[in-house]
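Enquirer: Coordinates for the following, if possible.
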Amino acid sequence: MTEAEWLACGDPEPMLEFLRGWASDRKLRLFAVACCRKAWAWLAGHEKFAVIAVEEYAEGNGRIPLTDTFRHNSLVCAVCSPNALSAAYRTAVNASAAVATTAKGYAPQADPEEWRVADAAETQGQSALMRCIFGNPFRPVAADPRWLTSPVLDLARAMYDGRDFGPMTVLADALEEAGCGEPDVLAHCRGDGPHARGCWVVDLVVGKT
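Expert: All right, here's what the predicted structure looks like:
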């Protein structure tokens, strides 16, 4: 995969394959979680509980409870083994697109073309989440300690903890004021998103990988 292909790709599966052996387990799990949160409104209660448990596990805040409910949950099975990228995609990622697409009223048996268009829109959104979480692997950025002022750190930690990325443009201003002139960092903060926990800029600031 080239840099141009990464930036334009609308299918997360080849992007995941490209990251094989490079991406951290935490990032891979958070990507699967972000995809499921994209379909949050249409998940059942036990599915939401599973997503939350996996997110906590990814962040090192506990273990996934292996109750009978969780043993048979496809999301948990996938993200517990993040190196099995194709399996993770087929279960957590692909399933979340199907859930969202179906819930929006599209059914493959009713109108295959309408389903294809709706499903493509979901996978496009997942690809955008890939770029939010993993950034541009062809242009890695290291944080300059001078950027990490109290206003920058406080804002990034609040967004991370609260999972509220509305103030991303404010973070861009704070970083710029602290001396950050890195175009990829500022462009991501000021872009249209989407953003999710694991966002590469926020992780860069708070020191997570």
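
Enquirer: which residues does the closest residue to Asn136 other than its chain neighbours contact?
Expert: Nearest in space to Asn136, with sequence neighbours left out and distances taken as Cβ to Cβ, 6 or more residues apart in numbering, is Asp184 at 6.3 Å. The way it works is simple: take the backbone N, C-alpha and C, and place the C-beta from them, glycine included. Asp184 makes contact with 135-136, 139, 141, according to Cβ atoms under 8 Å, 6 or more residues apart in numbering.

Enquirer: Please name the residues that touch the spatially most central residue of the chain.
Expert: For the chain, the residue nearest the mean C-alpha position is Phe31 (3.5 Å; Cα atoms, centre = their mean). Applying Cβ under 8 Å, 6+ apart, one finds that Phe31 lies in contact with 12, 16, 93, 129-130, 133-134, 198.

Enquirer: from those, which has minimum pLDDT?
Expert: Across the contacts of Phe31, the bottom pLDDT score, 55, is held by Val93.

Enquirer: top helix in this protein by residue count?
Expert: Counting residues, the longest helix found in the chain (DSSP state H) is helix 112-134.

Enquirer: name the helices or strands packed onto it?
Expert: helix 12-18, helix 25-38, helix 94-103, helix 200-206 (3 or more Cβ pairs under 8 Å, 6 or more residues apart in numbering; DSSP states H and E).

Enquirer: which one of those helices lies closest to Val152?
Expert: helix 200-206 (6.1 Å; Cβ to Cβ).

Enquirer: Mind listing residues that contact the closest one?
Expert: For helix 200-206, using Cβ under 8 Å, 6+ apart, the contacting residues are 132-135, 141, 143, 147-148, 152-153, 156-157, 159-160, 165, 168, 171, 175, 185, 188-189, 195, 209.

Enquirer: Among those residues, name the ones in helices.
Expert: 132-134, 152-153, 156-157, 159-160, 168, 171, 175, 185, 188-189.

Enquirer: Need the max-distance pair from these.
Expert: Phe134 and Leu153 (22.3 Å).

Enquirer: Quickly list the domain ranges of this protein.
Expert: Domain segmentation of the chain under automatic domain parsing yields 3-134, 145-206.

Enquirer: lowest-confidence stretch among those domains?
Expert: Among the domains of the chain, domain 3-134 scores lowest, with a mean of 72.
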